[in-house]
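>>> kindly return the folded structure for what I paste below:
(one chain, ligands or ions: 1)
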Amino acid sequence: MEWQNWAGNVTATPQQIAHPGNEAELAGLIQKTAYAGRPVRVVGSGHSFQPLCATDGLLLSLDGLQGVIAADSSTGRATVWAGTKLHALGEPLRAAGLALENMGDIDRQSVAGATATGTHGTGPTLGNLSSQVVGLRLVTAAGQTLDINGTDQPALFSAAQVSLGSLGVITQATLRCLPVYRLHERTWAEPFADCMARLDERIAATRHFEFFWVPREDVAACKALQPVESESGQASENPPALSERLRRYIGPERVDWSYRIFPSERNNRFVEMEFAVPAADGPACMHEIRALMQEHHPAVQWPVEYRTLAADDSWLSPAYRRHSVTISVHQAVDLPYADFFADAETIFHRYRGRPHWGKLHSHTAADFAALYPRWDDFQAVRQELDPKGRFLNDYLRRVFGLI
Ligand SMILES: Cc1cc2nc3c(=O)[nH]c(=O)nc-3n(C[C@H](O)[C@H](O)[C@H](O)COP(=O)(O)OP(=O)(O)OC[C@H]3O[C@@H](n4cnc5c(N)ncnc54)[C@H](O)[C@@H]3O)c2cc1C
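Residues are numbered from 1 along each chain as shown. Below is the predicted model:
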């Protein structure tokens, strides 16, 4: 039975792919497989570029565990099944008067998959999706169900917020939400130098600011999202004549519910590397990546994305205790990317960048131990919850320094 991820750069042949319809069935499957000495991995939407979900044992999909369980506008919290796709949260949360604080470029990921890798959007005061989680239900290798939150089990919770599916299977997540809100979106293109000159000012003045640097034109395709009270936005003007690539990022102004504004469509398959660098180093790092592409990899035409991310407390979050800028490089999946990504990684490494867990990198356990102050603590929690390593695959064994 063949499985492949969204980009198609990872394939696996699990012995079994299962879609449990409830928690008891899921716990039974885990216990049975673990008892037989076979590995278990769990998959969300398969949008990670790394072989995180690859296994030759049991691959668990939580597509059968989706939907909002409870949402309460008085507490601002919503408990959802962990397999719920982000795009399926918008309407039911709005009906309850709630919305996610922030979202990334797309809304195809599952709640558990997105939080397990520290998936994020942009905004200097806004943490990643994992930092919006206030409670989790985890089924361990022993088939035990643990309800975890930051007040009662602070250490376990800080480990479980970004866990790469290595502590067990998350079946439910409780999210801290905002009252439902609308966003006004403005997109425009400007010379790269102009964008960099006004970057700090724009980031400070905008709830969500980001740009894509487009190498061919050497312009920044900028996006600014601001909350607005009413449905009516400024009259939308037709954008000026733009190249085909720029037209993907620039459109008319619009106002809509936040969950309709955040996500874009990504139809062309690509591979990606992204690092979170200290916020103050973002511009210098961006300049180096641009110079690298212009001088050494001019054939790569995929844009570079620049976003901001607030610090948080999850032990394996790339933004752990560090306000960050994230910079991502891309290439079409069927074009050469290894040399370019290796050169980019050297630059990110120099800035003490922490790689996105779902995206490509070649960092080792020794690199991670130097980048993450609570690395050893995470390993201790993992060892305690899964002493026989049932939730590991070869990739995670390498990342955790076990082989
Ligand atoms: C087109 C595209 C756009 C993207 N945009 C962004 C972006 O804007 N911002 C960003 O930060 N990232 C982005 N990413 C990366 C993506 O958000 C992450 O790779 C994310 O983990 C994918 O979610 P998923 O549901 O597909 O998880 P998968 O890739 O299926 O799984 C990711 C990890 O989560 C674990 N997992 C899944 N379900 C569970 C569970 N129930 N319990 C425990 N562990 C679980 C898996 O074992 C695996 O380790 C993008 C990726 C693509 C392909």
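
>>> which single residue of the stretch 101-250 of the chain ends up nearest the ligand?
Residue nearest to the ligand within the stretch 101-250 of the chain (Cβ to the nearest ligand atom): residue 113, separated by 2.2 Å. Using the backbone N, CA and C atoms, a C-beta is placed for each residue, glycine as well.

>>> pLDDT wise, what is that residue at?
The model reports residue 113 with a pLDDT of 98.

>>> did I read that right, it in a helix?
Yes. Using DSSP: H, G, I helix; E, B strand; the rest coil, the assignment for residue 113 is a helix.

>>> that one contacts residue 44, correct?
Yes. Shown here, residue 113 and residue 44 form a contact pair, counting by Cβ atoms under 8 Å, at 2.3 Å.

>>> now do the contacts for the residue of the stretch 101-250 of the chain closest to the ligand.
If a contact means Cβ atoms under 8 Å, 6 or more residues apart in numbering, then residue 113 has 43-45, 47-48, 119 as its contacts.

>>> try 7 Å
Applying Cβ atoms under 7 Å, 6 or more residues apart in numbering, we find residue 113 in contact with 44-45, 47.

>>> if you rank these by neighbours, which is first?
Per-residue neighbour counts (other Cβ atoms under 10 Å) across the contacts of residue 113 peak at residue 44, which has 30 neighbours.

>>> surely it and residue 108 touch.
No. Applying Cβ atoms under 7 Å as the test, residue 44 and residue 108 come out as separate, 9.5 Å apart.

>>> what residue in the stretch 251-400 of the chain comes nearest to the ligand?
residue 358 (2.3 Å).

>>> can you give me the distance of that residue to residue 44?
10 Å (Cβ to Cβ, to the nearest Å).

>>> same check on residue 12?
Residue 12 is 15 Å from residue 44, by Cβ to Cβ.

>>> what about residue 299, how many residues nearby?
Using other Cβ under 10 Å: residue 299 sits among 11 other residues.

>>> whoops, I mixed them up, residue 376
Residues near residue 376, counting by other Cβ under 10 Å, number 11.

>>> ok, now the one 4 residues further on?
Using other Cβ under 10 Å, residue 380 is surrounded by 13 other residues.

>>> for it, what are its contacts?
No contacts exist for residue 380 under Cβ under 7 Å, 6+ apart.

>>> how about residue 371?
Counted by Cβ under 7 Å, 6+ apart, residue 371 has contacts 352, 354.

>>> need phi/psi at it.
Phi and psi for residue 371, reported as degrees, to the nearest 10, are phi -90, psi -30.

>>> please apply the same query to residue 400.
Dihedral angles for residue 400 - degrees, to the nearest 10 - are phi -90, psi 0.

>>> for it, what are its contacts?
With Cβ under 7 Å, 6+ apart, residue 400 has these contacts: 365, 379.

>>> what score does it have for pLDDT?
So, for residue 400, pLDDT stands at 98.

>>> return the residues in contact with residue 395.
Listed by Cβ under 7 Å, 6+ apart, the contact set of residue 395 reads 50-52, 54.

>>> quick one: buried ones out of those residues?
50-52, 54 (16 or more other Cβ atoms under 10 Å).

>>> now residue 217, what's its secondary structure?
Using three-state DSSP, the secondary structure recorded for residue 217 is coil.

>>> again with the one 3 residues further on
Assigned state for residue 220: strand (three-state reduction, three-state DSSP).

>>> that one: how many residues sit nearby?
Residue 220 has 26 neighbouring residues, counting by other Cβ under 10 Å.

>>> ok, and the closest non-adjacent residue to it?
Once flanking residues are discounted, residue 220 sits nearest to residue 195: 3.6 Å by Cβ to Cβ, 6 or more residues apart in numbering.

>>> do residue 78 as well
Counting by Cβ to Cβ, 6+ apart, the nearest residue to residue 78 once its immediate chain neighbours are dropped is residue 71, at 3.9 Å.

>>> got the contact list for that neighbour?
Contacts of residue 71 (Cβ under 7 Å, 6+ apart): 78, 92-93, 96, 98.

>>> and what of residue 282?
306, 325.

>>> distance of it relative to residue 327?
7 Å.

>>> cool, and residue 307?
Distance of residue 307 to residue 327, computed by Cβ to Cβ: 8 Å.

>>> what's the answer for residue 126, then?
According to Cβ to Cβ, residue 126 and residue 327 sit 17 Å apart.
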